[in-house]
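Colleague: All I have is the shape, not the residue letters:
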């Protein structure tokens, strides 16, 4: 009797052990809809709103350089002279020609006036015996000639004025000045060189007006709006906040990206910001939309296919998934699972479809 009881107990224990060996211990997480308020980090750059190549507006020899590469300059500060004396002399000549043209015009007006007075006096004597027809006709014809000369001298005066304006403008252009306050990023010429019109002389960059530039995936740019607040951080984890100034209307067909520009408060000078410095833009994933998500630890990759084990009645089923982007420690899932289903997150590497399981963290069911 004792022997039979012993064997019965051993049989029950072996059955329990066999059951325990078949039911694999796992951890799970619920598949659920979540409001996607998370952000993704994308690389951007600090750029200057004002970055220009200073070019020569006149041709000639560079007389003198006033700045070197790396110098800070103020708006209107002289950078170099191009044949300054030559253009100054041309301006003086234009001034003299203008004075000459003014004098010629004044003389022509006086001559016309004198002739007109004589003509009027002679015309008043038409009914008199002293009236001279020949002299009258001569004065009349001379009046026409003098008026024509007056018109010509006035035209010459206008030409001289315009030549003086051009000479003055060229004199001003011969002294190249900074368009705005900034620093000389690059210098392309030296004193003594002869430059044509349009020669690049300097690259001038403003450090007062900066903005963030980035090329982000077009599908992320579609949910952004002009004026929307965007945070970004520097490489040493200093946070700034700005507003979107512009969103590109054109997609780069090669990279599938779109340009965005972000203004930010430069008065918040936590440290010196460098032009072309890399920053991390924190771009929102969506505008408060809800999506079905699955924990990233539930995902298995088999021959390029995303799979997950789903627990139903303490047994697992394997499902192929159609995943979206990662959001924190979860993936958006478009197909393969349903809301509130239970996915295996730990112990799923050695599971087989239909296998019995014991859930360790039942609070996540």
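Modeller: Perfect, thanks for sending it. Everything numeric here is computed off the predicted structure, so don't read it as measured data. Numbering: from 1, shown residues only.
Colleague: Residue ranges in the chain under the pLDDT threshold?
Modeller: 1-22, 37, 269-270, 286-288, 362-365 (pLDDT under 70).
Colleague: right, and residue 328 touches residue 39 too?
Modeller: No - with contact defined as Cβ atoms under 8 Å, residue 328 does not reach residue 39; the gap is 9.6 Å. Using the backbone N, CA and C atoms, a C-beta is placed for each residue, glycine as well.
Colleague: For those two, indicate the residue with more neighbours.
Modeller: residue 39 (16 against 13; other Cβ atoms under 10 Å).
Colleague: show me what contacts the more buried one?
Modeller: By Cβ atoms under 8 Å, 6 or more residues apart in numbering, the contact set of residue 39 is 231, 282, 283, 284, 285.
Colleague: Which of those residues has the largest number of neighbours?
Modeller: residue 283 (21 neighbours).
Colleague: just checking, that one is part of a strand?
Modeller: Yes - counting by DSSP: H, G, I helix; E, B strand; the rest coil, residue 283 is found in a strand.
Colleague: can I assume it is in contact with residue 212?
Modeller: No - assessed by Cβ under 8 Å, residue 283 is found out of contact with residue 212, at 11.5 Å.
Colleague: check contacts around residue 294.
Modeller: So residue 294 contacts 29, 31, 308, 321, 323, 330, 331, 333, 337, 343 (Cβ under 8 Å, 6+ apart).
Colleague: and residue 331, what are its phi and psi?
Modeller: phi -120, psi 140 (degrees, to the nearest 10).
Colleague: With adjacent residues omitted, what lies nearest to it?
Modeller: residue 323 (4.8 Å; Cβ to Cβ, 6 or more residues apart in numbering).
Colleague: Would you mind confirming that the one you found makes contact with residue 337?
Modeller: No - using Cβ under 8 Å, residue 323 is not in contact with residue 337, being 10.4 Å away.
Colleague: Compare the two and say which is more crowded by neighbours.
Modeller: Taking other Cβ under 10 Å, residue 323 and residue 337 do not tie; residue 337 has more neighbours (21 against 17).
Colleague: What's the local residue count around the residue lying closest to the more buried one once chain neighbours are set aside?
Modeller: With sequence-adjacent residues excluded and distances taken as Cβ to Cβ, 6+ apart, residue 337 is closest to residue 31, at 5.0 Å. Residue 31 has 22 neighbouring residues, counting by other Cβ under 10 Å.
Colleague: distance of residue 31 from residue 297?
Modeller: 13 Å (Cβ to Cβ, to the nearest Å).
Colleague: Check residue 211 too.
Modeller: 40 Å.
Colleague: same check, this time on residue 320
Modeller: Counting by Cβ to Cβ - residue 320 and residue 297 are separated by 18 Å.
Colleague: who has more neighbours, the two?
Modeller: Neighbour count, other Cβ under 10 Å: between residue 320 and residue 297, residue 297 has more, with 16 against 12.
Colleague: The more buried one contacts residue 331, doesn't it?
Modeller: No - Residue 297 is beyond contact range of residue 331, at 10.3 Å (criterion: Cβ under 8 Å).
Colleague: For residue 223, which three-state class applies?
Modeller: coil.
Colleague: Next one: it from residue 212, what distance?
Modeller: 18 Å.
Colleague: With neighbour numbers in mind, choose between those two.
Modeller: Neighbours were counted for residue 223 and for residue 212 using other Cβ under 10 Å; residue 212 has more, 22 against 13.
Colleague: ok, and the closest non-adjacent residue to the more buried one?
Modeller: Nearest to residue 212 is residue 262, by Cβ to Cβ, 6+ apart, at 4.0 Å.
Colleague: sec struct for the one you found, please.
Modeller: Classified using three-state DSSP, residue 262 is strand.
Colleague: pretty sure residue 307 is touching residue 317, no?
Modeller: No - with contact defined as Cβ under 8 Å, residue 307 does not count as touching residue 317 (10.5 Å).
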